[in-house]
Each structure stands twice: as C-alpha cells, then as structure tokens.
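Novice: Structure of the sequence below:
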Amino acid sequence: MKKRFAAVLTAGLAVSSLVGCQNNYSETTASASEQIADNSSEAVLEETSKKVSEDLSGSITLYTSQPEEDIQVMIDGFNKKWPDIQVDVFRSGTEEVVSKVLAEKEAGDVLADVLLVADNVTFETLKEQDLLSAYESPELEGIPEIYIDKDHMYVGTKVITTGIVYNTELTENIPAGFKDLTNEAYKDDLIMPSPLYSGAAAYNLGVLTRTEGLGWDYYQTLKYNGVVVGKGNGSVQNAVVAGEQACGLLADYMAIRSKNDGAPVEFVYPAEGSPAVTEPIGIVKGTDSEDLAKAFVDFVLSEEGQALTAEIGYTPIKSGVEVPEGFKRIDEITPLTWDTKELYQNREADKEQFSQMFQ
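Specialist: Numbers count the residues shown, from 1 in each chain. The predicted structure is shown next:
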C-alpha cells in the first residue's frame, strides 16, 4: 500500500513541501513522531495525528473466535482512532476458523488479513503452515515474554484462565484447587468442558496431564468421581448456574460474568496454578493490507486497547492496566504452562487418549 504524506511541520515557520511514497504503517508513524518532536505545540500534535489518521484508509478482514459483541467493542474503539479503516469480520469457533483459513490457503487465496483466535498452540498450527507474517509491534512493552512468540508471528491479547466455578447454594465445601475435585464431597456433582469441542479445554488437557501431581491419573480420578463431560465452556456455565452441577472447570470471565449477573456462583483460581489461553493475534502472510493490519494489531496491544479488553471483561495481558472487578492482575496469576511445541505436536494424541478414557 503506497501513500503520499505531505507538509512536514517546522518550528512554527513556513512549511516546506515534502512528497514521497510511504510503504508501511511503521514508517508513517515514525515520520509523524519526528515532526512532533520538532514542534511540541498542542496544535501541531493534533494536526499531525489527524494527518496520520487520514493517511491510513481502506479495509481489512478479521477472522476471530471472539464473541461478536466483544470484538465489536474493540473495533469501535479502533475506529475512533482510525475512522477510515473498515474492519470486516468472520466469526466462528476456533476449529472452524482454522479450517476455513486452511481451506482458503489450499485454494490459493486466504481472505483474512488478521487472525484473533484461541491459544498459542492453535497459532503454532498456522505458523507451521506458513500462514503468518512476522511483526514486532511497538506495543509489546509490559507484555510478559511467555505470551510473545519468539519469531513475532503472534502475541497474546488477553489472559483467560481456567479455574473452578461452584454454586454457593449447592455446596459448602469450597474447593481450593484442582485436586480437591477428586474428593468424595464432589462425587457426581462435577462438570468439565470437552477438549474434543473446546480449544481452551484441549490446551488445559495438554498442560494438566503434564503437570506434576496431576497428570492423566487426575483425569482418571475425575472420571471415577462421576465428572460429566459437557461440550464447550458454555455447557459448564449453564449447568452450574442452573444448579444442575455444584462445581465445574470453567474460564474465569464466564464465571465472573455469571456472578455479576446475579447467579449464585463464585470463581476460584486453583492453588496449583492456572492454565491460561491468551487469544493471540497475528497478521496473515501475503496480505495486501499490511499497514492497516499492523495498525489494528498495535491498537489491540496498546494501553487504550487493553483498557477496552478490561472493560469488556477480561484480564488485560499488558501489566499496569487496571483489571475488572473479581479478576486477578496478570502479575498475581500463577500460570501453569508447558512447552508450546510439545503441546502442539501432541494435541491430537492427547485428545484421542481423552476420548478413549471417557468413551
């Protein structure tokens, strides 16, 4: 995308003309920053920002697994800064989004410019398929390195932990951690999402079965304790809120939203630590709208974008951004993690073993 950027401002004097081709968003932003440094008046800052905004226009297509209302809030915020960039959205579950991207690649024309889905293991699939473009955003400061791909093909946008939700009207035995759910007190009163349906549950399976003190024995014990295997996280949320089950494994934001809506539930960050997905964002390799895609990535990772993430009801991935009520800050969460490559390579085998165990 080529653009013309004119009128370099100098210290309040006459303006000398400069017309040139700018090939990417980063160069345009850098040029604007240099001009602002030369003249710090508020009027010049406002005028320069306006010119930069006017210089970026067009449309991008975003493929995402985020709920429609959540991603729309982010797009609305983005359009306040970049009003001339239209963001078209395809939204579905992670598995369907990835299948669509792979099918489009096979057909020779990937329609997406930006991807925002599930977890880093899913992005490793996309990375292996050579579908991502490296981009080191200037907005990475404050994001823990464990959530940034070493090759800068993707970066997390939020932290969604899995913990324990319990119905306060059905149990007086408050679980402190994952192990507690194997106790007799919770027999036949548990539910968890299936890793065969949920990308987050598949990630959790890979991490928990490799965590010392849990492992595959933990899942086997849950089975003996009468755990119900639902479909996605929504099945767990509905069952515990409705009082069909006393406890369940659930994503933090779903439990806390239910509580805020008046449901008799509480959420526990497990004592062993929390497996977490980060809904990474990445740019599709070969996009014709690279500058616009970079602008969108930068906004999502910026303090402004992260404040919107908190407003929507998630833990921001950037330190220093205030978290919503009921959530832990990113530096308060004890993450349960494992080598991403190993999780990626063993995901299908893990799902198959789970399927055999619970069939």
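
Novice: counting residues per helix, which one in the chain is longest?
Specialist: Assignment by DSSP state H gives helix 340-358 as the longest helix of the chain.

Novice: Buried residues in it, which are they?
Specialist: Applying a neighbour-count criterion of 16 or more other Cβ atoms under 10 Å, one finds 340, 343-344, 346-347, 350-351, 353-354, 358 buried in helix 340-358. From N, CA and C alone the C-beta is placed, and that goes for glycine too.

Novice: Out of these, which comes closest to Y186?
Specialist: Set against Y186, the nearest of those by Cβ to Cβ is F358 (17.2 Å).

Novice: And that closest one, how far from K351?
Specialist: From F358 across to K351, the span is 11 Å (Cβ to Cβ, to the nearest Å).

Novice: what do you get for K223?
Specialist: 16 Å.

Novice: V300 too?
Specialist: From V300 across to K351, the span is 30 Å (Cβ to Cβ).

Novice: May I ask you to confirm that G282 belongs to a strand?
Specialist: Yes. Under DSSP: H, G, I helix; E, B strand; the rest coil, G282 falls within a strand.

Novice: what about it, how many residues close to it?
Specialist: By the criterion of other Cβ atoms under 10 Å, G282 has 25 neighbours.

Novice: contacting residues around it?
Specialist: By Cβ atoms under 8 Å, 6 or more residues apart in numbering, G282 lies in contact with 114-115, 123, 126, 132-133, 135, 153-155.

Novice: Who does it form a beta bridge with?
Specialist: For G282, the beta-bridge partners are L115 (DSSP bridges).

Novice: Excluding residues flanking it in the chain, which one is nearest the spatially most central residue of the chain?
Specialist: For the chain, the residue lying nearest the average C-alpha position, counting by Cα atoms, centre = their mean, turns out to be E279 (2.1 Å). Once flanking residues are discounted, E279 sits nearest to T157: 5.2 Å by Cβ to Cβ, 6 or more residues apart in numbering.

Novice: mind checking how far the one you found is from L181?
Specialist: T157 is 30 Å from L181, by Cβ to Cβ.

Novice: what's the answer for E352, then?
Specialist: 24 Å.

Novice: And F123, by the same measure?
Specialist: According to Cβ to Cβ, F123 and L181 sit 30 Å apart.

Novice: Of the two, give the one with the bigger neighbour count.
Specialist: The residue with more neighbours, out of F123 and L181, is F123; 27 against 24, by other Cβ under 10 Å.

Novice: Surely the more buried one is within a helix?
Specialist: Yes. Per three-state DSSP, F123 lies within a helix segment.

Novice: Please work out the average pLDDT along stretch 246-260.
Specialist: Mean pLDDT, stretch 246-260: 96.

Novice: Distance from that stretch to the middle of the chain?
Specialist: 18 Å (Cα atoms, centre = their mean, to the nearest Å).

Novice: ditto for stretch 226-237
Specialist: Centroid displacement of stretch 226-237 relative to its chain, using Cα atoms, centre = their mean, is 22 Å.

Novice: List the buried residues for it?
Specialist: Within stretch 226-237, the residues scored as buried using 16+ other Cβ under 10 Å are 227-230, 232-233, 235-237.

Novice: hmm, who's touching the longest helix of the chain?
Specialist: Here helix 340-358 has contacts from 120-121, 124-125, 128, 194-196, 202-203, 205-207, 209-210, 216, 219-220, 223, 229, using Cβ under 8 Å, 6+ apart.

Novice: I'd like the average pLDDT over it.
Specialist: Mean predicted confidence for helix 340-358 is 94.

Novice: just to revisit the earlier point, so of the buried residues of stretch 226-237, which ones are in helices?
Specialist: Under the assignment DSSP H, these contribute 233, 235-237 to helices.
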